[in-house]
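Asks: mind looking at a prediction? Sequence and model below.
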Number of protein chains: 2
Amino acid sequence: MKIGEAARRVGLEPSAIRFYESAAVVPAPGRTASGYRDYQEGDVETLRFVHRLRSLGLPLDDVRGILNLSLSGQAPCMPVREAIAREAAAIDDRIADLLRLRNEFARLQEEAADMTDNWPASCVCHVLDDKEQVNE
Amino acid sequence: MKIGEAARRVGLEPSAIRFYESAAVVPAPGRTASGYRDYQEGDVETLRFVHRLRSLGLPLDDVRGILNLSLSGQAPCMPVREAIAREAAAIDDRIADLLRLRNEFARLQEEAADMTDNWPASCVCHVLDDKEQVNE
DNA sequence: CCTATACCTTCAAGTGGGTTGAAGGTATAG
DNA sequence: CTATACCTTCAACCCACTTGAAGGTATAGG
């Protein structure tokens, strides 16, 4: 099958698939007589695996490593587990950050709602002036 | 004060401050006789404001617009409110995505914990094979 | 005066994870 | 014969910076 259909089937853009190939994440597929990329079922599964790992947030370096191991017949179990554990922790951090941020926004919007627009006496911007920093 | 102290006081890297200047987000500060950037208190407040808006996740384009308005003496209230509302919605989306992702990871880790490592019969990688996609 | 160090300067290039666009080839239906 | 919907490569762009090279400056200690 050609790249468009493969892309549709795995939920990626053709440009992303070409990028993964150029970045040596996935091996280059065969070509038709006229030079089109020609994907087999196995290639599609590989791409689906990549899409899945990427959608779980693993950096391309990890995906490349796991896939190289996997395609060379070695078990990527431990690397996958480690990557998953690392990423799960990172996700917890990101969620905590975002929840703090979201609280901050809720407060900002509440305070802003109480203000009229007769700048500069009463301005939502002043809400931003003296607060403690959110990050770091 | 020189860039290092300003950076320390606002919680930014000197390189980030230079970048903001080069990207016309903040105005260029004065210079000492020997060519060092020389920041006043007002500059530090401006940088703090930028840092705050950035840490709230607003794109540099929005920050630049808000700051240009603000420094030219106009009230950036409405743009700030709009940007904040947009970003708050985006944060809600991101949190929802991450929570779904986090559930997925919890399931993966549970399933992985139940498996031994005698690849390929029982391997955490198989956990990743047939699942529905997380995103899109 | 010399040196070590801790800053500062500019400019260019690199990062990640792709997307977008130009310029052109191909497959298929009407 | 043409319209269209694909496909190809290559280069440049996106964001928000960071990093590195090559060099200047300020200050303290010996």
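Replies: Done, it's in. Numbering: from 1, shown residues only, chains lettered A, B, ... in the order given.
Asks: tell me the centre residue of chain A?
Replies: The centre of chain A sits closest to residue A:57, judged by CA atoms, centre = their mean, with a distance of 4.5 Å.
Asks: pretty sure that residue is in a strand, no?
Replies: No - assessed by DSSP: H, G, I helix; E, B strand; the rest coil, residue A:57 does not belong to a strand; its assignment is coil.
Asks: surely it meets residue A:90?
Replies: Yes - the pair formed by residue A:57 and residue A:90 meets the contact definition of CB atoms under 8 Å, at 7.1 Å. C-beta coordinates here come from the backbone N, C-alpha and C atoms, glycine included.
Asks: OK, now which residue of chain A is nearest to DNA strand C?
Replies: residue A:34 (2.8 Å; CB to the nearest atom of the strand).
Asks: so the top helix by length along chain A, near DNA strand C or not?
Replies: As assigned by DSSP state H, the longest helix anywhere in chain A is helix A:77-113. No - residues of helix A:77-113 contacting DNA strand C under CB under 7 Å from any atom of the strand: none, with a closest distance of 11.0 Å.
Asks: and that helix, what does it pack onto?
Replies: helix A:60-71, helix B:77-113, helix B:124-127 (3 or more CB pairs under 8 Å, 6 or more residues apart in numbering or on different chains; DSSP states H and E).
Asks: confidence-wise, which helix or strand of chain A is lowest on average?
Replies: Sorted by mean pLDDT, DSSP states H and E, the helices and strands of chain A end with helix A:77-113, the least confident at a mean of 72.
Asks: could you check the angle it makes with helix B:77-113?
Replies: For helix A:77-113 against helix B:77-113, the angle between stretch directions is 150 degrees (axes from the mean of the first three to the mean of the last three CA atoms, to 10 degrees).
Asks: tell me if helix A:77-113 is near DNA strand D.
Replies: No - for helix A:77-113 and DNA strand D, the contact criterion (CB under 7 Å from any atom of the strand) is not met; the two come no nearer than 14.6 Å.
Asks: what about residue A:93, neighbour count?
Replies: The local packing of residue A:93 (other CB atoms under 10 Å in any protein chain shown) involves 10 other residues.
Asks: might you list the low-confidence residue ranges for chain A?
Replies: For chain A, the stretches flagged by pLDDT under 70 are A:56, A:72-77, A:79-80, A:83, A:87, A:97, A:108, A:111-136.
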